[in-house]
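Trainee: The sequence isn't on hand, but the structure is:
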DNA sequence: AACTCGGGGTC
DNA sequence: GACCCAGAGTT
């Protein structure tokens, strides 16, 4: 009990005296801006999300601006940030608040928690930062700091672990200044108690259990291991009459709602050459003549759970083909540039 | 309770 | 190559 109070006071002292971290949304009280920043930062580094936050605030100064925006435009702004369901839920919640709550962001924890894309972490962040309500945030930083300081080797990604760490976080919270406390523990985790921590300059090291038992490298404990899938994507960029064939990804799969060119997925390296391409075009799409075919070298993109490898094949056509009744669109480059593509494609296509 | 969802930085 | 990041939704 006493060590929690010590922990809290040491953190707040560090926050007042040594925390130099500056971010555009820090100290912000507008729940729209805090919410937007928290959604952008889910599983995303501050440095990576920074420019997206500024783009969004400039494009949509209020939640009503965002609610009235077109889906394609918002996805284009989100392009490259990943976890695209966040963008879908962002729009859904903006519209819910604009219509159901007349554009006023709710201030009650459970109401906020019920919104799409907002879980326990984000709800706690919003109500503590904006409304000074006593809810402790639990994110990756907090789990790392708590597990080390209190020497808890319960897996942080287990059901029991989540429960215990959430309770502990709530007990450590300074209920008189939840905003400052939550900010301090996350900044501390991000700058001092990092995965590779700076224990030599840490002002909590005298009472940190992991440090004093030499268990820093063993905490926090995670039980789930990551299994990587290998996938081969071959994108055929069909062009005809100044337009290219694109379609939207709708399946429950990566990159849902984003756009792509004609995709052929294989379980192994297709190792394209001109003969194989011509044979495939004839067999699959009944295309027997082309103006030009350009095969680009294989490319690779690493995702957390998948390794995407693949090819881009540009095919200039003599006539518009029947693409197996696929629900696609023939668009100009200008039109294509307004749509959001996965990084894998965007990096190739410029 | 286990899976799935991106892209990028760090070691 | 492994791990992690201001997590959440689905199955």
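Mentor: The structure has been received and is ready for your questions. Computed from a predicted structure; not experimentally measured.
Trainee: where do the strands sit along chain A?
Mentor: Along chain A, the stretches classed as strands by DSSP state E are A:229-240, A:243-248, A:259-266, A:290-295, A:299-302, A:306-317, A:329-331.
Trainee: The ones you listed: which one's closest to residue A:49?
Mentor: strand A:299-302 (19.4 Å; C-beta to C-beta). The way it works is simple: take the backbone N, C-alpha and C, and place the C-beta from them, glycine included.
Trainee: Give the pairing partners of the closest one; include direction for each.
Mentor: Next to strand A:299-302 in the sheet, as set by DSSP bridges, lie strand A:306-317 (antiparallel).
Trainee: Just send the strands of chain A back as TSV, with distance to residue A:115, mean neighbour count and mean pLDDT too.
Mentor: Formatted as TSV, those follow (distance: least, C-beta to C-beta, whole Å; neighbours: other C-beta atoms under 10 Å; pLDDT from 0 to 100):
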stretch	distance to residue A:115	mean neighbour count	mean pLDDT
strand A:229-240	32	18	96
strand A:243-248	25	18	95
strand A:259-266	27	18	97
strand A:290-295	47	13	96
strand A:299-302	32	12	96
strand A:306-317	29	19	97
strand A:329-331	32	16	93
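Trainee: Same list, those, but as JSON lines with distance to DNA strand B please.
Mentor: Shown next, in JSON lines, are those (distance: least, C-beta to the nearest atom of the strand, whole Å):
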{"stretch": "strand A:229-240", "distance to DNA strand B": "7"}
{"stretch": "strand A:243-248", "distance to DNA strand B": "13"}
{"stretch": "strand A:259-266", "distance to DNA strand B": "11"}
{"stretch": "strand A:290-295", "distance to DNA strand B": "22"}
{"stretch": "strand A:299-302", "distance to DNA strand B": "6"}
{"stretch": "strand A:306-317", "distance to DNA strand B": "6"}
{"stretch": "strand A:329-331", "distance to DNA strand B": "20"}
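Trainee: Residue A:117: which of these is closest?
Mentor: Closest to residue A:117 of the strands of chain A is strand A:243-248 (C-beta to C-beta; 20.5 Å).
Trainee: Which other helices and strands does the closest one contact?
Mentor: If you count contacts as 3 or more C-beta pairs under 8 Å, 6 or more residues apart in numbering; DSSP states H and E, strand A:243-248 packs onto strand A:229-240, strand A:259-266, strand A:329-331, helix A:333-336.
Trainee: Distance to DNA strand C for those - can I get that in a markdown table?
Mentor: As requested, the helices and strands packed on strand A:243-248 are arranged in a markdown table below (distance: least, C-beta to the nearest atom of the strand, whole Å):
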| stretch | distance to DNA strand C |
| --- | --- |
| strand A:229-240 | 11 |
| strand A:259-266 | 20 |
| strand A:329-331 | 26 |
| helix A:333-336 | 28 |
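Trainee: Distance to residue A:307 for those - can I get that in a markdown table?
Mentor: As requested, the helices and strands packed on strand A:243-248 are exported to a markdown table (distance: least, C-beta to C-beta, whole Å):
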| stretch | distance to residue A:307 |
| --- | --- |
| strand A:229-240 | 5 |
| strand A:259-266 | 13 |
| strand A:329-331 | 29 |
| helix A:333-336 | 26 |
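Trainee: Identify whichever of the ones you listed lies nearest to residue A:314.
Mentor: strand A:229-240 (4.7 Å).
Trainee: what's in contact with the closest one?
Mentor: With C-beta atoms under 8 Å, 6 or more residues apart in numbering as the test, strand A:229-240 has contacts from A:244-245, A:260-270, A:272, A:305-321, A:323, A:330, A:344-345, A:348-349.
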